[in-house]
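# let me see the structure of the following:
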Amino acid sequence: MLVLGIESSCDETACAVVRDGREVLSNVVASQIEEHRLYGGVVPEIASRRHAEAISQIYRQALEEAGVPLEEIGAVAVTYAPGLIGCLLVGLNFAKGLAYSAGKPLVPVHHLRGHIAANYIAHPDLQPPFLCLVVSGGHSHIIEVLSYTAFRVVGRTLDDAAGEAFDKAARTLGFPYPGGIALDKAAQRGDKGAFSFPTPKVAGKYDFSFSGLKTAVINTAHNAAQRGAELPVDDICASFQEKVADILCHNLLAAARDLGYKTLAVAGGVSANSGLRGKLSERCREEGLALYLPPLSLCGDNGAMIASQGYYEYCAGNLAGLGWNAVASLPIDLVG
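A predicted model of the protein is given here:
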């Protein structure tokens, strides 16, 4: 079955065609990074307008690259939550009109479910159940993937997400948006033992907190500036990235041990971080755990992950009518 996936939750307009949830026939992404870099972050109103301008062309390009006409598409899957509400509405309304006019089923997809599904594309042997760390600019969760459409959150961030902490620390250190990528590159040149940043304490055994850690980096930079001292940016980046990776790895592996999971996966934009990928790979080898990581091309927002998850939602009978609405914030284990 061919599924057309549409993603517009933030600043990427994306469409893709995927067969049976696993085989990508096309995956087209239009990024707005260069424009939002002027403002140091995503401007929701601008992002929504750019989605409206780009989505028709991206859709046509996805079908053209897949080499299939709309008539051969079995269902239209679209991100409806969570995300920037104006951005979500552009993709959802386009998908509604397309599905209605073509007589195709409309499949609503939760954005985080889509990120997890990126691993199904990259790893044909991966099947639920498994434990997944979902880390991005807006989310840091440890999720039990009980089936393709059943999920249970066992750990979450109580304040800043890991990606948000990376971006804010990077901005303080003088890197342009998106700062997390630049911070990662700088960290590879630095000494990860140069600074001893704190490990935030939280009540929940598998929960996260990155606000205080981010503040520690900001204070380090400000103190150096007040003293007129040279700031060892690469070393700060390396030490900060090491601490974030330590926290994420510790909680994920603790949850895996306690819940009895031998198969782990990582998803979301921060799954592209070299420090996290390296540390998790090393720790999982030491503990004899199977680890699945998406390729860098599928870590960020894309239509293929939405089409992949859309296939499984369709198989489970999770369809939407024309009255379905976008939702800015929604837990992964709920259906809007």
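# mind listing what's buried along the longest helix anywhere in the chain?
As assigned by DSSP state H, the longest helix anywhere in the chain is helix 233-259. In terms of neighbour count (16 or more other C-beta atoms under 10 Å), helix 233-259 has its buried residues at 233-249, 251-253, 255-256. Yep, even glycine has a C-beta here, placed from its N, CA and C like the rest.
# please apply the same query to stretch 90-107.
90-96, 98-99, 104-107.
# could you dump the residues you listed to TSV with secondary structure, pLDDT and distance to Q57?
Formatted as TSV, the buried residues of stretch 90-107 follow (DSSP: H, G, I helix; E, B strand; the rest coil; pLDDT from 0 to 100; distance: C-beta to C-beta, whole Å):
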residue	secondary structure	pLDDT	distance to Q57
V90	helix	98	13
G91	helix	98	14
L92	helix	98	18
N93	helix	98	16
F94	helix	98	12
A95	helix	98	15
K96	helix	98	19
L98	helix	98	14
A99	helix	98	19
K104	coil	98	20
P105	coil	98	24
L106	strand	98	21
V107	strand	98	22
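# max pairwise distance over the residues you listed: which two?
Pairwise distances across these (C-beta to C-beta) peak at 20.5 Å, for the pair V90 and P105.
# residues touching the spatially most central residue of the chain, list them.
Centroid check for the chain by C-alpha atoms, centre = their mean gives G268 as the closest residue, at 2.5 Å. Counting by C-beta atoms under 8 Å, 6 or more residues apart in numbering, G268 touches 112, 115, 134-136, 139, 163, 299.
# again, but for A118
A118 neighbours (C-beta under 8 Å, 6+ apart): 267, 294, 298-299, 302, 304-305, 308.
# mind doing that once more with 10 Å?
Residues in contact with A118, defined by C-beta atoms under 10 Å, 6 or more residues apart in numbering, are 265-268, 271, 292-295, 297-302, 304-306, 308-309.
# and for Y59?
Applying C-beta under 10 Å, 6+ apart, we find Y59 in contact with 4, 6, 13-15, 28, 70, 76, 94-95, 98, 303.
# element containing it?
Element membership for Y59, per DSSP states H and E: helix 44-66.
# now L264
Assigned by DSSP H and E, L264 belongs to strand 263-267.
# off-centre distance for that strand?
Offset of strand 263-267 from its chain centre (C-alpha atoms, centre = their mean, to the nearest Å): 13 Å.
# next one: stretch 19-39
On C-alpha atoms, centre = their mean, the centre of stretch 19-39 falls 12 Å from the chain's centre.
# flag every buried residue along it.
So, applying 16+ other C-beta under 10 Å, buried residues of stretch 19-39: 19, 21, 24-30, 32, 36.
# which ones among these are found in helices?
Using DSSP H, these in helices are H36.
# can you read off the pLDDT for the closest residue to R189 other than its chain neighbours?
Using C-beta to C-beta, 6 or more residues apart in numbering and skipping the chain neighbours, the partner closest in space to R189 is D234 (4.5 Å). Predicted confidence (pLDDT) for D234: 97.
# what's the next secondary structure element after the helix holding Y59?
Counting by DSSP H and E, the element after helix 44-66 in chain order, helix or strand, is strand 75-81.
# pairing partners for that following strand, with directions?
Strand 75-81 has its sheet partners listed here by DSSP bridges as strand 2-7 (parallel), strand 106-110 (parallel).
# G67: neighbouring residues, count only.
Each residue near G67 was counted by other C-beta atoms under 10 Å, and the total is 10.
# could you check how far S308 is from D207?
From S308 across to D207, the span is 28 Å (C-beta to C-beta, to the nearest Å).
# more neighbours, the two?
S308 (34 against 17).
# helices of the stretch 201-336 of the chain, residue ranges please.
Assigned by DSSP state H, counting those that start in this stretch, the helices in the stretch 201-336 of the chain fall at 211-227, 233-259, 274-287, 303-315.
# could you dump the ones you listed into JSON lines and include distance to P44?
Converted to JSON lines, those look like this (distance: least, C-beta to C-beta, whole Å):
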{"stretch": "helix 211-227", "distance to P44": "22"}
{"stretch": "helix 233-259", "distance to P44": "26"}
{"stretch": "helix 274-287", "distance to P44": "28"}
{"stretch": "helix 303-315", "distance to P44": "20"}
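# state the distance from the closest residue in space to V18 that isn't next to it in sequence to S101.
Nearest residue to V18, sequence neighbours excluded (C-beta to C-beta, 6+ apart): A307, at 3.8 Å. Using C-beta to C-beta, we find A307 at a distance of 19 Å from S101.
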